[in-house]
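Peer 1: Okay, structure incoming, though there's no sequence with it:
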């Protein structure tokens with residue numbers, strides 16, 4: 001089914017998701033990560049057109065490292081090479097969308113190569129990049145929007161449905177891992193396990209305790225922001241845990257998510273609040289009589305923002321941005337849990353009796369309390385230690401080793417230290433803020449930049 005195929009029935013949408021099913025020996029892992037660019041001398045966020053800004057970074061990568069440019073009008077807005085891409089988030093956050101690769105060793109090598117290339121371009125320009133969940137210094141107005149049509153539509157719509165949507169667009173960064181499934185049954189189990197455990201990952205990766213230079217009362221303010229961005233397209237998705245969950249149920253959910261836009265002839269048509277169901281009937285008022293294509297469906301799938309998102313693979317979306325070692329740790333965590341059946345079954349046994357109220361409580365409290373969040377007779381830290389133990393078992397059983405004899409479980413070490421010490425990255429930075437930094441963030445960019 002090509003992207004230009006017209007959609008005439010819901011069955012086509014179901015078949016699109018189902019086409020993601022792969023035999024286990026074909027399962028791959030993809031990693032995506034975003035980072036904030038800044039002027040090294042001042043810490044000021046990078047604009048698009050200014051000297052040393054985002055356009056200069058993209059052009060440097062294109063010209064020196066054989067990336068192919070992608071343009072919107074006259075604006076260079078993305079790059080692609082070897083199955084991966086470099087794209088721009090609304091506030092100029094630079095994102096690597098990695099290629100689907102065979103194992104965590106390969107995806108970490110891809111990450112390291114990317115960060116080296118970016119640093120090689122940025123340093124002569126007097127710029128640098130840092131991974132955090134929320135921009136620690138910049139005000140919303142300090143960050144300019146990138147010249148992409150879909151972002152103009154979103155920036156106008158966001159204030160109508162939530163208080164923090166523009167902050168999500170401009171001031172947040174995440175790390176994301178993309179994993180495969182073999183069947184509808186396998187997808188459902190992985191969806192349920194990952195949705196239940198997403199708050200635990202949020203705690204382990206919590207790295208956004210500052211807003212405009214001061215503590216904000218959260219350890220993952222990025223995660224909190226999603227609770228007041230757009231209730232129509234974010235949250236814990238209780239239906240995933242209900243009987244009848246499958247590809248069709250997710251399609252029904254997406255058909256109920258209001259549209260953002262339709263892309264036609266290199267322009268974005270504002271369709272905010274309109275119904276994809278109406279579009280399928282030829283009744284979309286901005287394109288009367290026209291039916292959607294599969295490309296329109298693919299675009300629409302990208303406009304929902306739950307903690308776990310289904311495309312033709314599952315996206316883990318609960319982690320704050322961070323340094324390169326945690327970029328490698330996220331895919332390791334989920335590969336270990338997902339790609340061995342006994343481990344996946346054990347992870348399901350761990351969460352299968354949790355109530356919807358408990359899922360919601362974890363989602364609400366972890367951004368503020370992290371590993372200290374109470375759960376039943378223990379804490380989120382207890383859950384994190386169990387989660388890491390299971391993931392390590394799965395990675396050791398995969399036994400995919402480097403020439404040095406190290407398997408993929410080596411990438412869990414940063415997370416193991418966090419869980420063992422009961423101190424998240426956010427809390428470590430807060431300790432420095434109240435201690436040696438003397439209530440200043442002047443040192444943060446120097447210490448934590450890539």
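Peer 2: Good, I have the coordinates. Please read all numbers here as calculations on a predicted model, not as lab measurements.

Peer 1: Run through the residues that contact residue 203.
Peer 2: By Cβ atoms under 8 Å, 6 or more residues apart in numbering, residue 203 lies in contact with 219, 220, 366, 370, 371, 373, 380, 381, 384, 424. For the C-beta atoms, the positions are set from N, CA and C on the backbone; glycine is no exception.

Peer 1: can you check residue 422 too?
Peer 2: 371, 372, 381 are the contacts of residue 422 under Cβ under 8 Å, 6+ apart.

Peer 1: Neighbour-wise, which one of these leads?
Peer 2: When neighbours are counted by other Cβ atoms under 10 Å, residue 371 leads the contacts of residue 422 with 24 neighbours.

Peer 1: can you tell me which helix or strand the nearest residue to that one once chain neighbours are set aside belongs to?
Peer 2: Nearest non-adjacent residue to residue 371, counting by Cβ to Cβ, 6 or more residues apart in numbering: residue 381, 4.0 Å away. Here residue 381 sits within helix 380-398, counting by DSSP states H and E.

Peer 1: mind listing the helices for the stretch 251-400 of the chain?
Peer 2: 276-280, 294-301, 324-338, 341-351, 356-369, 380-398 (DSSP state H, counting those that start in this stretch).

Peer 1: Output these as JSON lines; include the columns distance to residue 412 and mean pLDDT.
Peer 2: As requested, the helices of the stretch 251-400 of the chain are exported to JSON lines (distance: least, Cβ to Cβ, whole Å; pLDDT from 0 to 100):
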{"stretch": "helix 276-280", "distance to residue 412": "40", "mean pLDDT": "97"}
{"stretch": "helix 294-301", "distance to residue 412": "30", "mean pLDDT": "97"}
{"stretch": "helix 324-338", "distance to residue 412": "5", "mean pLDDT": "97"}
{"stretch": "helix 341-351", "distance to residue 412": "13", "mean pLDDT": "98"}
{"stretch": "helix 356-369", "distance to residue 412": "20", "mean pLDDT": "98"}
{"stretch": "helix 380-398", "distance to residue 412": "6", "mean pLDDT": "98"}
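
Peer 1: closest to residue 171 out of the ones you listed?
Peer 2: Closest of those to residue 171 is helix 356-369, at 14.9 Å (criterion: Cβ to Cβ).

Peer 1: tell me the angle the closest one makes with helix 341-351.
Peer 2: Counting by axes from the mean of the first three to the mean of the last three Cα atoms, to 10 degrees, helix 356-369 lies at 90 degrees to helix 341-351.

Peer 1: Tell me the helices and strands packed up against helix 356-369.
Peer 2: helix 184-204, helix 221-225, strand 374-375, helix 380-398 (3 or more Cβ pairs under 8 Å, 6 or more residues apart in numbering; DSSP states H and E).

Peer 1: now do 7 Å
Peer 2: Packing partners of helix 356-369 (3 or more Cβ pairs under 7 Å, 6 or more residues apart in numbering; DSSP states H and E): helix 184-204, helix 221-225.

Peer 1: Nearest to residue 76, out of those?
Peer 2: When the helices and strands packed on helix 356-369 are ranked by proximity to residue 76 (Cβ to Cβ), helix 221-225 comes first, at 27.2 Å.

Peer 1: following that closest one, which helix or strand comes up?
Peer 2: strand 234-235.

Peer 1: So in terms of bridging, what pairs with the residue lying closest to residue 194 once chain neighbours are set aside?
Peer 2: Closest residue to residue 194 apart from its sequence neighbours, by Cβ to Cβ, 6+ apart: residue 308 at 4.9 Å. Using DSSP bridges, the bridge partners assigned to residue 308 are residue 316.
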